[in-house]
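In: how would this look folded up:
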Amino acid sequence: MIGDMLLNTFFDRFIFANALTYKHNNFYLVNTPFVISPTDILVSLVAQNDSELNTKIYYAIKESTKNNLLKQLDLDFRVENEKTVSLFTNFFTASGWGKIEKINFDVKEKRAIVSLENSPFATALRWKTNKPVDHFMRGLLAGFFSKLFNLEVDCVETKCAAMNHNSCEFIIKSRSDFDFKLEDVKEQLGSKM
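Out: Numbering: from 1, shown residues only. Purely as a prediction, here's the structure:
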C-alpha cells in the first residue's frame, strides 16, 4: 500500500492528508492522475534532437500545464506569488524533475530566470548533444508563469547541463521580448508568429 511507503517529505504530507492515493490501478495527487515512469521513456523523445518535435513537445506541455495541470492541482494564483512559486517549486523538485535551485521573478516586468540542477534529461544526455534538452521543463515553466503573470510568456533554455554547464538555466518572458535572430531562440520557439 502506498501509505506504507515514505516517498519524501513533500509527498509524505499528501499521504497523511489522504491527498495521495492509489485507486483503480492509478496514482492520484489531489485528484490529479499521474504515473511513475522510467526517465528513459521521455529522454528517448528529446534524444532524437529533432527541432520540430521538440517545439511541438514544448507547446503541448505549456498548454496542458496552463489549461489542465494547474487547475487540477488547484493552485490559487490570487494568493501571494511567493507561496504559489514555492509550492510549484517543491512539487516539481519532489516529483523528480531535478532541483529548482533558484527562481528570480518579477511580476511587474513579467519575467523570470530559473536555475535547475540535476535535470534527469540533461543528466541522461550529458556529452551526447550540442543543444539544450529540457523541453518538458520549458513547457512546464512557460505554462506556470503564463498563469502567474496573467500573460502569455515563453521559455528558452540558455544553459544546459547536457552541454557541460553546471546547471540548466531558463529565461521566461513575453515572446516579443526574445531576439529571434538568435539560433537557440528560433530553434526552441519555432519561427516568429
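In: List phi and psi for residue 92.
Out: phi -70, psi -30 (degrees, to the nearest 10).
In: quick one, strands of this protein?
Out: Per DSSP state E, the chain carries strands over the ranges 20-23, 26-29, 32-34, 99-106, 111-117, 154-159, 168-173.
In: need these in CSV with mean neighbour count, distance to residue 143 and mean pLDDT, can you?
Out: Just so you know, the C-beta spots here come from the backbone N, C-alpha and C atoms, and that holds for glycine as well. Below are the strands of the chain laid out as CSV (neighbours: other Cβ atoms under 10 Å; distance: least, Cβ to Cβ, whole Å; pLDDT from 0 to 100):
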stretch, mean neighbour count, distance to residue 143, mean pLDDT
strand 20-23, 14, 22, 72
strand 26-29, 14, 17, 72
strand 32-34, 13, 14, 71
strand 99-106, 15, 15, 88
strand 111-117, 20, 13, 95
strand 154-159, 22, 9, 97
strand 168-173, 23, 10, 97
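In: Next, format these as TSV and append distance to residue 92.
Out: Converted to TSV, the strands of the chain look like this (distance: least, Cβ to Cβ, whole Å):
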stretch	distance to residue 92
strand 20-23	16
strand 26-29	12
strand 32-34	12
strand 99-106	6
strand 111-117	9
strand 154-159	14
strand 168-173	12
